[in-house]
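# here are the coordinates; sequence isn't available:
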């Protein structure tokens, strides 16, 4: 029990460090997933204390597995890349730093959020995001059904519908 308490202190320290990075630099996949994993570890160790330390170890594995599946379900509902884009765009709107290159490198799930948030960005970030969205998410001329996904389809449609505004905001030459 004492070791679990000490483990929770270490996990609290790691969680606090992740929060500080998120507050200073914004949300990223490298910050979101470890935070979610820390939450899962906390649930698993509480379950460990409630089962194994009370002599009911046969229940532990099933509960840990259920907690893992719940974490995956929550992440699926949250849509991590869209959440990252939404969070970082809100930071930009509040006058905080915004990493346009990173935001534009997110998956198709982030594209609708980024397009909706373009007016919130400063001209340089707007230029970077618009240029990269046009380059990576313009609808292909001959789409291959094998690479189709709902997120890609939504991203292509969003870019197609907003192409004039994206072209107006895009840089004349793409930034590296």
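Thanks, I have it. In this text, all values refer to a predicted model and were calculated from it rather than measured experimentally.

# figure out the helix or strand that the residue nearest to residue 45 when sequence neighbours are not counted lives in.
Among residues not flanking residue 45 along the chain, residue 4 sits closest, at 5.5 Å (Cβ to Cβ, 6 or more residues apart in numbering). Where you see a C-beta, it was placed from the backbone N, CA and C, and this is true even at glycine. Taking DSSP states H and E as the definition, residue 4 sits inside helix 2-25.

# can you give me the buried ones in stretch 27-36?
For stretch 27-36, burial by neighbour count (16 or more other Cβ atoms under 10 Å) applies to 27-28, 31-32, 36.

# ignore the last one, stretch 143-160
151-152, 155-156, 158-159.

# what is the mean pLDDT for that stretch?
Here stretch 143-160 scores 89 as its mean pLDDT.

# roughly how far is it from the heart of the chain?
With Cα atoms, centre = their mean, to the nearest Å as the basis, stretch 143-160 stands 19 Å off its chain's centre.

# and the contacts of it?
107-109, 111-112, 115, 133-134, 137-140, 166 (Cβ atoms under 8 Å, 6 or more residues apart in numbering).

# of those residues, just the buried ones, ChimeraX syntax please.
Selecting only the buried entries of these in ChimeraX, with 16+ other Cβ under 10 Å as the criterion:
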select :107,108,109,111,112,115,133,134,137,166
